[in-house]
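**Q** Need coordinates for the following:
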Amino acid sequence: MVVKKKNKNPAVFSHEFFIQNHADIMSCVAMLVIIGLMFEATADAAFSFITLQHNVTEGGTEGVTLYQYGRKDLAAVVFYSVIAVVLHAVLQEYGLDKMNRRLHLSKIKHSKFNESGQLGLFYCISFFWGAYLLSLEDYISQPSGLWEGYPHTNMSSHVKFFFICQIAYWVHALPELYFQKIKKEDIPRQLQYITLYLAHITTAYLLNLHRLGLVLMVLHFLVELVFHASRLLYYIREAQQHGSGEWKCQDCRQSHSTVEEKKASEFTRVAGTGVPTWTLLLLLSDWCLLILFYYIFSRDTKGGAYSELQHPFIDLAYSWVETLSSNVTVSSQLF
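**A** A predicted model of the protein is given here:
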């Protein structure tokens, strides 16, 4: 009797098929956009996905290209989110998975190692990129430029591309929760993490606070880089200490695995889960700081009224702030 082998390949258009081949699918989508540049009928649409839009550079200005934000930026965010998904899969398959096989990490450490590997590289690139922009735009030598002349409606191409890439990365993190099969109990905290980052970056971008937002992001990226680099080094050191082949019997291996699970759970308790609480608090405080600066910068110095900054969607939030401040004033007068 011939035993039929089970087909390990998932059915086409199934969830498992899409998860296993999502990088190839996204690569095809990106290639279609790039191929669109070759045809005159689709070139304009393809350019809107790849290049920066809303150029406001004046004709007499030489060597300086200025941009503003607008609705067409959504196309660039979508395209670079697709690129981020592809790069995420490449780093996972050709970098982190090979390191995991060499280190022989447990299941608990495996997901944390992958997370720190992905975020560690992202924070490293973002930190040095942001620090370079701070030096390039003279925000360090002239810190008064962070608030003088507000609103800063115009931004250089370097700054705009940086913000587009940052928003695109955190947008790509949402489908990655599905692609990476994140546990259900970890999804709410991951969503909080992603949402706070998106709120922080988009608030700075839409409220013309890109200068202050860039400074806050660089400082935050440095802290995150140190945390994830430390966690990676911790896992590598633990794997090297217990990978010398000194476990000679099955009982020793079992006891060793038990000790490893306890150590991993203890480290998770001390260092936090995938998203530490202090990170969420820092992101929330950064977002509140941006709102506070916008509240201060957008007031008319003479009459104390809000200047017209073409942000009607935030008027409701500021009405709440004014109501709260008036209530505090009345309470202070009563007491």
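**Q** quick one: secondary structure of Ser141?
**A** coil (DSSP: H, G, I helix; E, B strand; the rest coil).
**Q** so what's it scoring on pLDDT?
**A** Looking at Ser141, its pLDDT reads 80.
**Q** How about His200?
**A** 90.
**Q** That one reaches Ser285, doesn't it?
**A** No. With contacts counted by Cβ atoms under 8 Å, His200 stays clear of Ser285, the gap being 9.8 Å. Just so you know, the C-beta spots here come from the backbone N, C-alpha and C atoms, and that holds for glycine as well.
**Q** Neighbour count for the two, which is higher?
**A** Under the criterion of other Cβ atoms under 10 Å, the comparison of His200 against Ser285 puts His200 first, with 25 against 13.
**Q** count of residues packed around Gln180?
**A** Counted with other Cβ under 10 Å, the neighbours of Gln180 add up to 19.
**Q** Let me see the contact set for it.
**A** By Cβ atoms under 8 Å, 6 or more residues apart in numbering, the residues touching Gln180 are Asn114.
**Q** quick one: it from Ile291, how far?
**A** According to Cβ to Cβ, to the nearest Å, Gln180 and Ile291 sit 32 Å apart.
**Q** wait, doesn't Thr42 sit right on Gly36?
**A** Yes. Counting by Cβ under 8 Å, Gly36 is a contact partner of Thr42 at 3.9 Å.
**Q** These two: which has the busier surroundings?
**A** Each of Thr42 and Gly36 has its neighbours counted (other Cβ under 10 Å); Gly36 has more, 17 against 14.
**Q** so what pLDDT did that one get?
**A** Value listed for Gly36 in the pLDDT field: 93.
**Q** before we move on, what about Ala317?
**A** 47.
**Q** can you give me how far stretch 34-48 is from the chain middle?
**A** 28 Å (Cα atoms, centre = their mean, to the nearest Å).
**Q** ok, and what's touching that stretch?
**A** 33, 50, 72, 75-76.
**Q** Could you provide those residues in TSV, with additional columns for neighbour count?
**A** Converted to TSV, the contacts of stretch 34-48 look like this (neighbours: other Cβ atoms under 10 Å):
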residue	neighbour count
Val33	20
Ile50	16
Lys72	13
Ala75	18
Ala76	21
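**Q** Now intersect those residues with the helices, please.
**A** 33, 50, 75-76 (DSSP state H).
**Q** And for Thr195, the neighbour number?
**A** 14.
**Q** List the buried residues in the stretch of helix or strand it belongs to.
**A** Assigned by DSSP states H and E, Thr195 belongs to helix 187-206. By neighbour count with 16 or more other Cβ atoms under 10 Å, helix 187-206 contains the buried residues 189-190, 193-194, 196-206.
**Q** residues contacting the closest residue to Tyr197 other than its chain neighbours?
**A** Nearest non-adjacent residue to Tyr197, counting by Cβ to Cβ, 6 or more residues apart in numbering: Trp170, 4.7 Å away. With contact taken as Cβ under 8 Å, 6+ apart, Trp170 is in contact with 194, 197-198, 201.
**Q** Could you dump these into a markdown table and include distance to His22?
**A** Below are the contacts of Trp170 laid out as a markdown table (distance: Cβ to Cβ, whole Å):
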| residue | distance to His22 |
| --- | --- |
| Ile194 | 18 |
| Tyr197 | 22 |
| Leu198 | 21 |
| Ile201 | 24 |
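**Q** Which two among these are spaced furthest apart?
**A** Maximum pairwise distance among the contacts of Trp170 (Cβ to Cβ): 10.9 Å, between Ile194 and Ile201.
**Q** Thanks again, I'm all set now.
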